[in-house]
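Novice: Got a predicted structure plus its sequence, pasted below:
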Amino acid sequence: MTTTESTPSTPVANARDLALAHYAARGVLENVLARHGATFQQQVALRAAITSDAPQTPDDLLAQVQHSLKADPADIRATLDELRAKQLLVADGEHLCPTDAGRELLAAVAAEITPISARIWGEIPAEDLAAAGRVLASVTEHANAELATLTT
């Protein structure tokens, strides 16, 4: 007989645990971003522009950020405007392109957050990270499906 009951040494993950881990890690990142004058949403939008295979229109970036963050489109548009005002993104015809300053900002944040991330994740065994990756991918897939049913 198989049991799903947990013991004190084998906790069962739940939505609250996931949220607490997310907000703890996000708090670390937001602290680093604040030192660079950036917000979490700005970083997500800028990263989307920088890592894209092709130049993105404002609507393309908005859709990409909305898919990631499930944020209000008006808030995302305001974020894109903030990035343009800071000259981290510039209009190039119908596209928004990252500037050198935008790329430098993400590189500086990455340089600062990489050793912190190594300390956070470093002692977790590879097999646990693989299992967590599978679980998180499944949770994301199921949650996105549920959200789609709620918003259609």
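Specialist: That came through fine. None of these values were measured; they are calculated from a predicted model.
Novice: name the element the residue most central in space within the chain belongs to?
Specialist: The centroid of the chain falls nearest to Val44 when counting by CA atoms, centre = their mean (5.8 Å). Val44 belongs to helix 40-51 when assigned by DSSP states H and E.
Novice: what comes up buried for the very next helix or strand once past that helix?
Specialist: Moving toward the C-terminus from helix 40-51, the next helix or strand (DSSP H and E) is helix 58-69. The neighbour-count check on helix 58-69 (16 or more other CB atoms under 10 Å) flags 58, 60-62, 64-65 as buried. All C-beta atoms are positioned from the backbone trio N, CA, C, and that covers glycine.
Novice: report the angle between the axes of helix 58-69 and helix 40-51?
Specialist: Between helix 58-69 and helix 40-51, the angle comes out at 120 degrees (axes from the mean of the first three to the mean of the last three CA atoms, to 10 degrees).
Novice: What is helix 58-69 packed up against?
Specialist: On a contact count with 3 or more CB pairs under 8 Å, 6 or more residues apart in numbering; DSSP states H and E, helix 58-69 meets helix 40-51, helix 73-85.
Novice: same question for the helix holding Val44, mean pLDDT?
Specialist: Averaging pLDDT along helix 40-51 yields 96.
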